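J.: quick one: sequence and predicted model below, then my questions.
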Amino acid sequence: MSVPAIAVRNLVKTFGETTVLHGIDLAIEPGQVSCLIGPSGSGKSTLLRCMAFLEEATRGTISINGEVLGFTEDSQGRRERISAAANRTIRAQIGMVFQQFNLWPHMTALGNVSEALKAVHKMSRKDAEERAMAQLVKVGLEGRAGHYPSQLSGGQQQRVAIARALALKPKIMLFDEPTSSLDPELTGEVLNVMRDLAAEGMTMVVVSHEIGFAATVGQQIIFLDHGKVLFSGSPQEVFKKPRNPRLEQFLDTYLDRGASMLL
Amino acid sequence: MSVPAIAVRNLVKTFGETTVLHGIDLAIEPGQVSCLIGPSGSGKSTLLRCMAFLEEATRGTISINGEVLGFTEDSQGRRERISAAANRTIRAQIGMVFQQFNLWPHMTALGNVSEALKAVHKMSRKDAEERAMAQLVKVGLEGRAGHYPSQLSGGQQQRVAIARALALKPKIMLFDEPTSSLDPELTGEVLNVMRDLAAEGMTMVVVSHEIGFAATVGQQIIFLDHGKVLFSGSPQEVFKKPRNPRLEQFLDTYLDRGASMLL
Amino acid sequence: ADTLAAVKAAGTLKVGTETAFAPFDFIDAGEHVGLNVDLFNEIGKELGVKIEWVTLPWDGVFPALEAGKFDVVAGPATITKKRIERYRFTPPLAEATIAILKKAGDKTINKPEDIAGKKIGVGKATAQLDQLKEFSETLPTKVDIREYPAFTESYADLAAGRIAGVANSLPNIAFVAKQREGTFEVVLPPFGKKSYFGFIGLKDADHAPLMDAIDAAMLKIKADGRMATLQKKWFGASFDTPDSVKDPAF
Amino acid sequence: MTFDINVLIGQWPAIVSGAGVTIMIWILGTIAAAVIGFLMAVARQYGGMLIDKALGAVVAILRGTPFLIQIFLVYYGGPFVGLDLDPLPAGLIGISIYGAAYFSEIFRSGFQAVPKGHIEAGECVGLTQAQIVRRILLPEMTMLVLPPSVNMVVILMKETAVLSIITVPELTATLSAIGSQQYAFVEALSALALFYWVLVELTGWLGNLAETKLSRFRFFNA
Amino acid sequence: MSTKLFELLLQASIYTVTISVVSILIGFAIAILLSGMLLSRRSLFVRPAQIFISFFRGVPLLVQLLLIYNLLPVIGVNVPSIVAAIIGLSLCTAAYQAENLRGGFASVPLGLVESAEMVGLTPRQIFRRIKVPIALRLTFPALVNEAILILKASSLVSVVGIVELTRMAQDLAGSTFLPLQLFASAGLIYLVINWLVAFAGSLIENRLPGAPR
Ligand SMILES: Nc1ncnc2c1ncn2[C@@H]1O[C@H](COP(=O)(O)OP(=O)(O)OP(=O)(O)O)[C@@H](O)[C@H]1O
Ligand SMILES: Nc1ncnc2c1ncn2[C@@H]1O[C@H](COP(=O)(O)OP(=O)(O)OP(=O)(O)O)[C@@H](O)[C@H]1O
Ligand SMILES: [Mg+2]
Ligand SMILES: [Mg+2]
């Protein structure tokens, strides 16, 4: 097997007294779409944020394409912090898209996408905006480049956020509930962009309540509960014959409501 | 036919230059659950807010159980404002539940529910709190009466909001996307309360993206697009054989995602 | 209306002053004391009224006098040409001629003329400033005059060593030197033209009878020796003051 | 009551120079206060617990005691500990540090109001901490910190009057000297009130102008 | 410096505290009225409130105090020092607090008002029961700040004849000629008072229910 795009080893995360992640082991394969599902508070966001080193893990390691991010750990559990500059280089391989979009309100769509190209990659203004524009075209927003976030619909904002991450040509994209603050039609916009990305073979980790998306696009489904991976497998295994009673109960709340649609 | 619970006649609403509602005619039958569906920006919220006179219509009238709310209009289109006190009396028949809950942060759950009983109905503190408590029991929140909104989960907050409206014994309840800021498990809580209400024969108008709820509980489905009622009928008519191409397209975005669940 | 009549009718004479002007008015152990307090008690006896004190910062005293918050200002103030144009002064109660306060043990200043070329502090917009300026003109090298918003700050700067001395009326600096023996010392004798302290009142017709009555009372107090006793009590020496100052030196 | 404006007109050179000193100290002091306050806020945000606590105590002292007392102690007490400053620099430094304490609190609340997600988004695209402060935090919090900053500018203007106590020849000192020399207190105070009122109104007007110019950044992310 | 002097300073600080506290409370009541006027849509109410704020924020407090103390007698109202001091401080802080409250009222989410309308509360009930408590909660930190500013600004009331903390320090410096020691002690007393205010403020703030998030 190849080197995993993301290797999570024995990851533990505690906030003060409470342990939120209890020793997670995971391998995200390159070029695959992995979906993280699970009830509220199960630790999905925390796991994803650890993968992006937005959160410092308490124990365990995260490796991106074989390189350790954040902290190394030897067999005795001694942890050593990696330099900020080295972390930035490794993190450059990851793009992240947040539930709340987190666009910078004082910059236009084009500004949001080109900012890091100018500031981090030291591209000229012209080059940066050209590349940013190309990215906006890709998410179907060429007509909105000059708009500020407040002038964009939710779906458009989220697509700008995706473009901002993609402009840096990451190898891996992390999505934390990218559609849950959107209405159904806007959700469609964003899911379409993600579907295209998946088709191009981008490595993606998606925390999502969109079971439909997980079922059709996901290649690996990871079910988290109380900070542990309860189940991990292909969509067929998960949705067709969920053997795990907790998983079955969780999926019921969806099926209950979904089934009535086809009455 | 009996007097409609809500009669909307030729309702037009413009904001500045843009017309949002283009002459809506509707009759909401008493004791029925009517669901308003339609794409984003189609005017659902605006219509609902006009029904509650939170928004002044530009033309046309709204009658609640036969009494005109807000403005009367004669055959020449001359409009006359009804006194604030009269409006309050008529509006007392309507309860409204907002998407954002809109609980008052400086009062406990019990305080939120009993406030209007004390201030409007001039009930004694003891009587008001008794009735409020009964209402909280009904939505399953007897254990949370003393909590402030910030100490309640989203689903609990929304149930308090429903209890607040119900405590005034309205004849009609209006819901504007009551579950769309909730996660799937919390959504369940709120939909159950609404289901109970429907079973008791409460007149309800619900703006909802919960197609499942609309399909199972709704007795009348109203599809709004670009400020016009494109289609109105029973769930069977809507979901089984949508003849209208626009409606079909709209429902597709749901079916697309829902269907895969049962693969 | 006639203020004197009003004062007599009420049985109290209201006197405004600032309580940061030792030894005329100051706070000792929480009590308002000083020459002014004793002297006005005597004036009160002469007029047959009680004295009621209103204490304000100097900035607030004159607006309040003009607004009628009190009948007369104790202060006192040095009687100058400009001031008598605007206000009416009582007979002098003390000499205001200036002398130098230096740091204790400073061997470079032994007589007033030694301040030539040195930094000397003085209150801004005071009569003492004018006197110091005139004296400076008579010296071979001019005095480097530093102006302060109030004398308290100039004493602080003298203690801090920024200036070599402070020029102020002898009664005032004598008191300072006594309070902080070992820190400050007075350089004798006083110098320049003689000037005097007087109490201040309004010039209008309404106040004329009252001011006349106060003048008479003060002259009586002076004539029978009570004034000299009080001067000895507060300054350690008595002054020979004229009965009125019609043409001030400054 | 007498009111004789000629008393002031005759003294116009001194009044103009006093006004000049007031305006100079006010403008330079405000700029320095804002810059120092900003640096203090940054240090408290990123400098670790110890720096945060230490600066917090400094701010508490500077905000908890009247400026008059601070400046008096520093100017007249300074020489005893080897700190001997001239009035003008002492006043300027005093105003700057006093104002900096307030500005640092304003900026700190500004920092805290910027959603954490916006900073994380910056980290995720590889911006360094300095770049995040300059390119994200500062512009984003402008709208929020503008109104309290305008208030602060007004307060600092009025505090410059206190500097008369350390013999800075600013307008309050000049006018009250004229007032007591000529015994024309009412005239002097009226002129003083008018001067400050005009400056305050001007500041408020500029603040409103800046607010409307910047309000296109106003945003309400759902 | 003797303990007697320190005791005198402490006694004077009672004036500082009482006058400030009373003024802040009165000023707050006026500020609520003013902010209500500012937010009404009728220029009949808005303009006077704006003029009030412009004057009491723009003119130095010292001058305001002198005007109240010395000008009111001209129109036949002879106010005692303490009353003049409280009027002056109250009006001045009212102007600042009104601006703070205006921001607070403007930040009360519209939805909370609409939900109150829906349960039938009258506009007056909505103002008193919904808007005021929420706006108060939102502006509470700013109010604590204003309280500290007023405590410090209260030193100016000496100009109408009240010997509060700062003036007492100055008066005592005028007879003992120990200004540094006296001012340092006064500073310390201010610091303790203000620290107590800030501490009480944060205690209350943490207990106030329902910070809107
Ligand atoms: N900064 C924090 N301090 C303390 N506890 C935290 C913190 N962040 C998260 N938690 C806790 O960690 C647990 C996992 O949170 P997380 O956000 O990862 O859940 P999630 O699976 O993403 O849930 P959701 O579906 O609601 O987003 C929760 O119980 C949460 O309360
Ligand atoms: N106050 C307003 N001023 C101007 N335009 C408005 C205003 N309120 C609503 N609109 C416009 O009216 C249209 C209808 O809005 P409305 O909120 O009723 O839509 P909706 O059907 O509820 O949509 P959604 O599903 O997104 O909530 C939209 O195009 C919106 O931009
Ligand atoms: Mg999450
Ligand atoms: Mg809506």
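T.: Cool, the structure landed. Ligands and ions are numbered 1, 2, ... in the order given.
J.: and for residue 44, the neighbour number?
T.: Because you didn't say which chain, this covers chain A. 23 (other CB atoms under 10 Å in any protein chain shown). Where you see a C-beta, it was placed from the backbone N, CA and C, and this is true even at glycine.
J.: please go with chain D instead
T.: Residues near D:R44, counting by other CB under 10 Å: 22.
J.: so which elements touch the helix or strand containing it?
T.: In this structure, D:R44 sits in helix D:12-46 according to DSSP states H and E. Applying 3 or more CB pairs under 8 Å, 6 or more residues apart in numbering or on different chains; DSSP states H and E, one finds that helix D:12-46 contacts helix D:48-64, helix D:87-113, helix D:138-159, helix D:171-181, helix D:185-214.
J.: now do the buried residues in it.
T.: D:14-15, D:18-19, D:21-23, D:25-26, D:29-30, D:32-34, D:36-38, D:40-42, D:44-45 (16 or more other CB atoms under 10 Å in any protein chain shown).
J.: for the record, mean pLDDT for stretch C:140-160?
T.: Regarding stretch C:140-160, the rounded mean pLDDT is 90.
J.: what residues of that stretch count as buried?
T.: Residues of stretch C:140-160 classed as buried by neighbour count (16+ other CB under 10 Å): C:143, C:145-160.
J.: how far does that stretch sit from its chain's centre?
T.: 18 Å (CA atoms, centre = their mean, to the nearest Å).
J.: mind saving the C-alpha coords of that stretch as CSV?
T.: Output of stretch C:140-160 as CSV, limited to C-alpha atoms (Å, rounded to 0.1, in the frame of the first residue of the first chain):
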residue,chain,number,x,y,z
PRO,C,140,24.3,92.2,35.9
THR,C,141,23.0,88.9,34.4
LYS,C,142,19.3,88.3,34.2
VAL,C,143,17.5,85.8,36.3
ASP,C,144,16.2,82.7,34.5
ILE,C,145,12.6,82.9,35.5
ARG,C,146,10.4,79.8,35.6
GLU,C,147,6.7,80.3,35.9
TYR,C,148,4.5,77.7,37.7
PRO,C,149,0.7,77.3,37.8
ALA,C,150,0.8,77.6,41.6
PHE,C,151,3.5,78.0,44.2
THR,C,152,3.1,74.4,45.4
GLU,C,153,4.6,73.1,42.1
SER,C,154,7.5,75.5,42.3
TYR,C,155,8.4,74.3,45.8
ALA,C,156,8.2,70.7,44.5
ASP,C,157,10.6,71.6,41.7
LEU,C,158,12.9,73.3,44.2
ALA,C,159,13.0,70.1,46.2
ALA,C,160,13.6,68.1,43.0
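J.: near chain D at all, that stretch?
T.: Yes: Stretch C:140-160 is in contact with chain D by CB under 8 Å from any CB of the partner chain, via C:R146, C:E147, C:Y148, C:P149, C:A150, C:E153, C:A156, C:D157, C:A159, C:A160.
J.: shaky segments in chain D?
T.: Applying pLDDT under 70 to chain D picks out residues D:1-2, D:215-222.
J.: my error: substitute chain A in the last question.
T.: Using pLDDT under 70, chain A drops low at A:1, A:181, A:239-243, A:252-263.
J.: how many neighbours does the residue of it at minimum distance from ligand 2 have?
T.: Nearest to ligand 2 in chain A, going by CB to the nearest ligand atom, is A:D183, at a distance of 5.2 Å. Neighbours of A:D183 under the rule other CB under 10 Å: 17.
J.: which residues sit in contact with the nearest residue to it once chain neighbours are set aside?
T.: Distance criterion CB to CB, 6 or more residues apart in numbering or on different chains; nearest residue to A:D183, sequence neighbours excluded, is B:S40 at 4.8 Å. Residues near B:S40 by CB atoms under 8 Å, 6 or more residues apart in numbering or on different chains: A:S153, A:D183, A:E185, A:L186.
J.: redo that, cut-off 10 Å
T.: A:S153, A:G154, A:G155, A:L182, A:D183, A:P184, A:E185, A:L186, B:H209 (CB atoms under 10 Å, 6 or more residues apart in numbering or on different chains).
J.: and if you look at A:E55?
T.: A:K13, A:F15, A:V20, A:L21, A:S45, A:T46, A:L47, A:L48, A:R49, A:G70, D:E120.
J.: then D:R63?
T.: So D:R63 contacts D:Y98, D:A101, D:Y102, D:S104, D:E105, E:N145, E:I148, E:L149, E:K152, E:L191, E:N194, E:A198 (CB under 10 Å, 6+ apart).
J.: may I see the buried residues of the longest helix seen in chain E?
T.: In chain E, with assignment by DSSP state H, the single longest helix is helix E:3-39. For helix E:3-39, the neighbour count (16+ other CB under 10 Å) marks E:5-6, E:8-9, E:12-13, E:15-17, E:19-20, E:23-24, E:26-28, E:30-32, E:34-39 as buried.
J.: one more: stretch E:98-110?
T.: Buried-residue list, stretch E:98-110, by 16+ other CB under 10 Å: E:A98, E:E99, E:N100, E:L101, E:R102, E:G104, E:F105, E:V108.
J.: avg pLDDT for it?
T.: Stretch E:98-110 shows a mean pLDDT of 86.
J.: picking that back up, out of the residues of stretch C:140-160 next to chain D, who's nearest B:A163?
T.: B:A163 lies nearest to C:P149 out of the residues of stretch C:140-160 next to chain D, by CB to CB, at 67.1 Å.
J.: does chain B sit close to stretch E:113-131?
T.: Yes: Stretch E:113-131 is in contact with chain B by CB under 10 Å from any CB of the partner chain, via E:113-123, E:125-126, E:128-130.
J.: residue contacts, C:V187?
T.: C:V187 makes contacts with C:99-102, C:106, C:109-112, C:114-115, C:165, C:167, C:173, C:177, as judged by CB under 10 Å, 6+ apart.
J.: ok, now C:F199?
T.: C:F199 touches C:15, C:17, C:24, C:36, C:39-40, C:43, C:72-77, C:79, C:87-93, C:211, C:214-215, C:218, counting by CB under 10 Å, 6+ apart.
J.: if anything else comes up later, I'll come back, but that's it for now.
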